[in-house]
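S.K.: this one's structure only:
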Ligand SMILES: Cc1cc2nc3c(=O)[nH]c(=O)nc-3n(C[C@H](O)[C@H](O)[C@H](O)COP(=O)(O)OP(=O)(O)OC[C@H]3O[C@@H](n4cnc5c(N)ncnc54)[C@H](O)[C@@H]3O)c2cc1C
């Protein structure tokens, strides 16, 4: 019987769902899958993006883990495609590869002053509070007033993590240094800015509602932002999600405020112009916008300034190019047709596929990566005639290659060991888990139980 030896690069939800779907897919051949992951632990942004106070979403890890634990997928963690393994290596050992490498960088916001000390990308902050091993463990939290630019869920995550009292994060898996940093933060005011109006936001109702439940944090809204135009009224009347968002905001407008020690302000109709400061962030300049009656916005010419000491841009994530693989610099994705990777002449690159955020761009929830993977897998299966013919398809060959290069890879047993270790650390303090952060420590704990 034909055997498909498949490599998947990236063990985030997209990569794991792709493996799961392929194994369950009705097909005329055997399948053997190896997942390569840069981090010593799997799950991508579910572990290193989803906020620690979203345990329900983090719980998706349980479902992903069940897929890995079935025992028919091998995982090689701590292996970086482009450095530890190359496209040539994959061609030697597999019939095809799926790239599921996601998007981990901040998109740019090109305004003067954005490079000042005190101006950060949301992804950097997320990497800090979620304990990503490859980012600095120090984070400066010395601002009393902070601006967050963006009107998507990541902006809400950042604003919530900044405004929330550290003690309310204690039951979560946050590393100790993150608790200490947030505990010492002098923040009193977090200002979230969107270019458009309340009826055009990109956040989802659940995430918005959560802000209003923060202990000792007042939600502040401004009447001038709620003078709805016809387009906004239509959006509210015709779209259930927008309707709920409007309802939540209107409830907050009626609330008594003034008692809380912290405030979370939502500003709409504000286009970023400049981060002001002399050697450090001192203020934010923006232009008031207005609806243009066609669903867009126009500047009103009215410029305002707000004194702040730190600013976070949450204007989107961006994918990274991969060695030997076509890349769309403009969109930050691998160019593809329904997951089949395309070259510069729009021709299919045989044997190479994409799924998840690197396929479709950094939008959408974890669940969306499932339908994405289904589409990619369908093509992979139908493309059998164009698969690669590897010289070393045996499962032992890739292991020998990694050994010969001295790569300290982690495997599924290693992840189990790390997982247990982290749960043990948590148990000591009555918490579900405390994350191990340094990469070497993660690798050591994982490889302590390496069975190979
Ligand atoms: C801050 C933030 C919060 C979010 N919160 C939620 C939420 O609450 N609910 C929700 O449903 N969705 C949320 N999302 C969206 C969700 O995280 C994504 O939809 C999902 O993670 C995308 O999956 P992916 O597998 O494509 O990418 P990723 O999750 O990014 O996984 C990609 C994996 O590939 C690995 N990789 C990258 N390059 C290489 C390489 N060269 N070699 C080897 N491995 C590599 C990475 O280490 C990573 O593990 C959030 C996203 C962000 C950024």
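M.R.: That came through, no problem. All figures in this text were calculated on a predicted structure; none of them were measured in a lab.
S.K.: how close does residue 320 sit to residue 156?
M.R.: For residue 320, the distance to residue 156 equals 25 Å [C-beta to C-beta, to the nearest Å]. Quick note: C-beta positions are derived from backbone N, CA and C, even for glycine.
S.K.: cool, and residue 435?
M.R.: 22 Å.
S.K.: contact residues of the stretch 51-200 of the chain facing the ligand?
M.R.: Proximity of the stretch 51-200 of the chain to the ligand, by C-beta under 6 Å from any ligand atom, involves residues 54, 57, 80-82, 100-102, 104, 126, 154, 157.
S.K.: my guess is residue 28 contacts residue 2. True?
M.R.: Yes - the criterion here is C-beta atoms under 8 Å, and residue 28 meets it with residue 2 at 7.1 Å.
S.K.: about what we covered before: out of the residues of the stretch 51-200 of the chain next to the ligand, which comes closest to the ligand?
M.R.: residue 102 (2.3 Å; C-beta to the nearest ligand atom).
S.K.: just say helix, strand or coil for that closest one.
M.R.: coil (DSSP: H, G, I helix; E, B strand; the rest coil).
S.K.: just flag the most distant two among the residues of the stretch 51-200 of the chain next to the ligand.
M.R.: 54 and 82 (31.0 Å; C-beta to C-beta).
S.K.: show me where pLDDT drops low in the stretch 301-450 of the chain?
M.R.: 449-450 (pLDDT under 70).
S.K.: mind doing that once more with 50?
M.R.: The model of the stretch 301-450 of the chain has no residue with pLDDT under 50.
S.K.: all strands for it, in order.
M.R.: With DSSP state E, counting those that start in this stretch as the criterion, the stretch 301-450 of the chain has strands at 310-313, 317-318, 336-337, 340-342, 348-354.
S.K.: in the stretch 351-452 of the chain, what residue lies closest to the ligand?
M.R.: Nearest residue of the stretch 351-452 of the chain to the ligand, counting by C-beta to the nearest ligand atom: residue 356, 2.3 Å away.
S.K.: and residue 317, how close does it get to the ligand?
M.R.: Separation of residue 317 from the ligand (C-beta to the nearest ligand atom, to the nearest Å): 5 Å.
S.K.: ditto for residue 253
M.R.: 26 Å.
S.K.: hmm, back to that, more neighbours: residue 320 and residue 156, which one.
M.R.: residue 156 (25 against 13; other C-beta atoms under 10 Å).
S.K.: follow-up on the earlier one: from the strands of the stretch 301-450 of the chain, which stretch is densest packed?
M.R.: Of these, the one with the most neighbours on average (mean count of other C-beta atoms under 10 Å) is strand 310-313, at a mean of 27.
S.K.: now do the SS call for residue 6.
M.R.: Using three-state DSSP, the secondary structure recorded for residue 6 is strand.
S.K.: going forward can the numbers begin at 51, since that is how I track them
M.R.: Will do, 51 is the new start, and the previous item becomes residue 56.
S.K.: run a quick neighbour tally on it.
M.R.: The local packing of residue 56 (other C-beta under 10 Å) involves 25 other residues.
S.K.: spatially, and excluding backbone neighbours, which residue is closest to it.
M.R.: residue 83 (4.9 Å; C-beta to C-beta, 6 or more residues apart in numbering).
S.K.: and the one you found, that one's in a helix?
M.R.: No - with three-state DSSP as the criterion, residue 83 is assigned strand and is not in a helix.
S.K.: can I assume it is in contact with residue 123?
M.R.: Yes - between residue 83 and residue 123 there is a contact at 4.8 Å, judged by C-beta under 8 Å.
S.K.: got any residues that touch both of these two?
M.R.: 69, 73 (C-beta atoms under 8 Å, 6 or more residues apart in numbering).
S.K.: out of everything not next to it in sequence, what's closest to residue 386?
M.R.: The shortest distance from residue 386 to any non-neighbouring residue, by C-beta to C-beta, 6+ apart, is to residue 404 (4.9 Å).
S.K.: which residues sit in contact with the one you found?
M.R.: 148-150, 383-384, 386, 389, 391, 426 are the contacts of residue 404 under C-beta under 8 Å, 6+ apart.
S.K.: and residue 263, how many neighbours?
M.R.: 9.
S.K.: relative to the ligand, how far out is it?
M.R.: Look at residue 263 and the ligand: by C-beta to the nearest ligand atom, they are 16 Å apart.
S.K.: same thing with residue 298?
M.R.: Counting by C-beta to the nearest ligand atom - residue 298 and the ligand are separated by 17 Å.
S.K.: residue ranges for the helices of the stretch 51-200 of the chain, please.
M.R.: 63-74, 94-98, 105-108, 110-119, 137-143, 172-179 (DSSP state H, counting those that start in this stretch).
S.K.: what does the top helix by length along the chain rub up against?
M.R.: Ranked by number of residues, the top helix in the chain under DSSP state H is helix 462-478. Identification of contacts with helix 462-478 by C-beta under 8 Å, 6+ apart yields 90-92, 118-119, 124-125, 127, 223, 460, 482-486, 492, 495-501.
S.K.: can you tell me which of these are buried?
M.R.: Neighbour counting by 16 or more other C-beta atoms under 10 Å classes 90-92, 118, 124-125, 127, 223, 460, 483-486, 492, 495-497, 499 among the contacts of helix 462-478 as buried.
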